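Q: Could you look at this predicted model? Sequence included:
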Amino acid sequence: MPVVGLLVDLSPLRRSPQFRLLTVGRLVSLAGSQFTVVAAPVQVFSLTGSTLAVGLLGLAQLPPLLLASFLGGTLADAFDRRRVLLVTQTLLASASVGLALNAAAPSPRVWLVYVLTAVIAALSGIDAPTRTAAVPGLVSASMLPAALALSQLLFQLALVVGPAVGGLVVARSLTLAYLVDVATFVVAIAAVALMDPLPPEGGGTPPGWRSALEGWRHLRAEPAVLGAFVIDLDAMVFGMPRTLFPELAERVFAAPGAVGLLFAAPAAGALVGAATSGWVGGIEHQGRGVIAAVAAWGAAITVFGVAPWLWLALAALAAAGWADAVSAVMRNTIIQLSVPDRLRGRLSALHIANVSGGPRLGDVESGVVAAVTDVRVSAWSGGLACLAGVALVAHRFGALARWRLSDHGGAGPAGGA
């Protein structure tokens, strides 16, 4: 395969200044948010000594995330999406200030970490789908797969740099880690402020439960899209072992400083996957590609669970991340090309709830299994459960396996770098 067809297509950044502003702002704020992603579980484990308590951190974030996602998607389809982003980014920065103040206190409170990360989850449930819904309006339909692949690349870049650097900063100061998060939100707010207004097509749909239910009904009427949701939920609930990272680093691999590397390894593999995703836009059977990629994720997590050495564990996590990046590009393509613009905010919100809620359920699942057995059993059994789920989804959602790119107005390679 020629290199030009392998590397990620950069044309959306060159051709759309608005997409460039949105993407740069997201990259910076997401990288900063990873400092908090590492700092919060490390702080909870430090204060409680319990992996189960770390897992419950995800459970505390799940209800507000789901509620905000359902209603937040209606905001993205009702109001200027640029204005929604400015408000959510400002509130997210304020929550990170609260985490920094708590960490700096003489006696930090565990319950405040739970509450403030739950607030962050809720706000993210509004912010993320609003950004996703805005992308198709900033690039042409032919460039959408390339734009989604590029977004995935920069997303994974943030997930590599953020946790790796964040782990080092957390080892020095939890307060400083949270303050870095605050500073990156300032950059993101400035980038969004420079953008043009982003009103939804048709003037918008009034927000509320009726609007949210309309999005849910559309999802149920699209079996291929619903299958893409379910297969990702399977991967994240059973095959997301991040709750185990603090204990694995400290007690299994005897390398407490490696916790940041464990968090960063999946993103490192995903970064490679996204950077070499030029071929993904040329896959005709995107649905089959999703099924194969999630199966590869489950297999890699199983290897991670039995890995006797840190380097092998990191390699397995990186392989899982590579598969997840390929799956994410294809899943987003299926969703965005199957949904009209007037519903994109709501379907994007449901997707974000699925993508963000799944790992939090996975935090609880892996934490509970680790408490009943041990961290290694929790990891490899989750990988095997993921593989079983893939087989079930492939059988139950035949429409996903049959989904073809050319049937939805997007055929051929996304382009070269």
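A: Looks like it came in fine.

Q: CA only for contacts and neighbour counts going forward, please
A: Fine.

Q: now residue 399: how far from residue 223?
A: Separation of residue 399 from residue 223 (CA to CA, to the nearest Å): 6 Å.

Q: Would you mark the buried spots in the one helix or strand residue 315 maps to?
A: Assessed by DSSP states H and E, residue 315 sits inside helix 310-338. Within helix 310-338, the residues that count as buried by 16 or more other CA atoms under 10 Å are 310, 313-338.

Q: Tell me how far it lies from the chain's centre.
A: Distance of helix 310-338 from its chain centroid, counting by CA atoms, centre = their mean, to the nearest Å, is 10 Å.

Q: That helix - contacts with which helices or strands?
A: helix 144-172, helix 223-239, helix 259-275, helix 286-306 (3 or more CA pairs under 8 Å, 6 or more residues apart in numbering; DSSP states H and E).

Q: again, only using 6 Å
A: helix 259-275, helix 286-306 (3 or more CA pairs under 6 Å, 6 or more residues apart in numbering; DSSP states H and E).

Q: Can you name every helix or strand that the longest one contacts?
A: Helix 286-306 is packed against helix 310-338, helix 375-396, helix 398-402, with contacts defined by 3+ CA pairs under 6 Å, 6+ apart.

Q: Dump those into CSV; add mean pLDDT as well.
A: Output for the helices and strands packed on helix 286-306, formatted as CSV (pLDDT from 0 to 100):
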stretch, mean pLDDT
helix 310-338, 87
helix 375-396, 90
helix 398-402, 84
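
Q: Rebuild the ones you listed as JSON lines, extending it with distance to residue 346.
A: JSON lines is the format used below for the helices and strands packed on helix 286-306 (distance: least, CA to CA, whole Å):
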{"stretch": "helix 310-338", "distance to residue 346": "12"}
{"stretch": "helix 375-396", "distance to residue 346": "23"}
{"stretch": "helix 398-402", "distance to residue 346": "20"}
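
Q: Would you mind telling me which of those is nearest residue 164?
A: Of all those, the one in closest proximity to residue 164, counting by CA to CA, is helix 310-338 (12.6 Å).

Q: by how many degrees do the next helix or strand after that closest one and helix 375-396 diverge?
A: Following helix 310-338 in sequence order, the next helix or strand is helix 344-372 (DSSP H and E). Relative orientation of helix 344-372 versus helix 375-396 (axes from the mean of the first three to the mean of the last three CA atoms, to 10 degrees): 140 degrees.

Q: buried stuff in helix 344-372?
A: Buried positions in helix 344-372, judged by neighbour count with 16+ other CA under 10 Å: 344-370.

Q: can you check stretch 76-90 too?
A: Buried, per 16+ other CA under 10 Å, within stretch 76-90: 76-82, 84-86, 88-90.

Q: Just the CA trace of it, in CSV.
A: Presented in CSV, the C-alpha positions along stretch 76-90 are these (Å, rounded to 0.1, in the frame of the first residue of the first chain):
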residue,chain,number,x,y,z
ALA,A,76,-26.7,21.0,20.7
ASP,A,77,-29.7,20.6,18.3
ALA,A,78,-31.5,23.7,19.7
PHE,A,79,-28.9,26.5,20.2
ASP,A,80,-25.8,27.9,18.6
ARG,A,81,-23.2,25.1,19.2
ARG,A,82,-20.4,27.6,19.6
ARG,A,83,-22.2,29.3,22.5
VAL,A,84,-22.9,25.9,24.2
LEU,A,85,-19.2,25.1,24.0
LEU,A,86,-18.1,28.4,25.5
VAL,A,87,-20.4,27.8,28.5
THR,A,88,-19.5,24.2,29.1
GLN,A,89,-15.7,24.9,28.8
THR,A,90,-16.0,27.7,31.4
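
Q: re the thing from before, of all the helices and strands packed on helix 286-306, which one is nearest residue 234?
A: From these, taking CA to CA, the stretch that ends up closest is helix 375-396, at 5.9 Å.

Q: other SSEs contacting that closest one?
A: Short answer (3+ CA pairs under 6 Å, 6+ apart): helix 375-396 packs on helix 223-239, helix 286-306, helix 344-372.

Q: Report the distance from the last one to the chain centre.
A: Which is helix 344-372. 10 Å.

Q: and what of the first one?
A: Between the mean C-alpha location of helix 223-239 and the chain-wide mean there is a distance of 13 Å, by CA atoms, centre = their mean.

Q: Perfect, that will be all.
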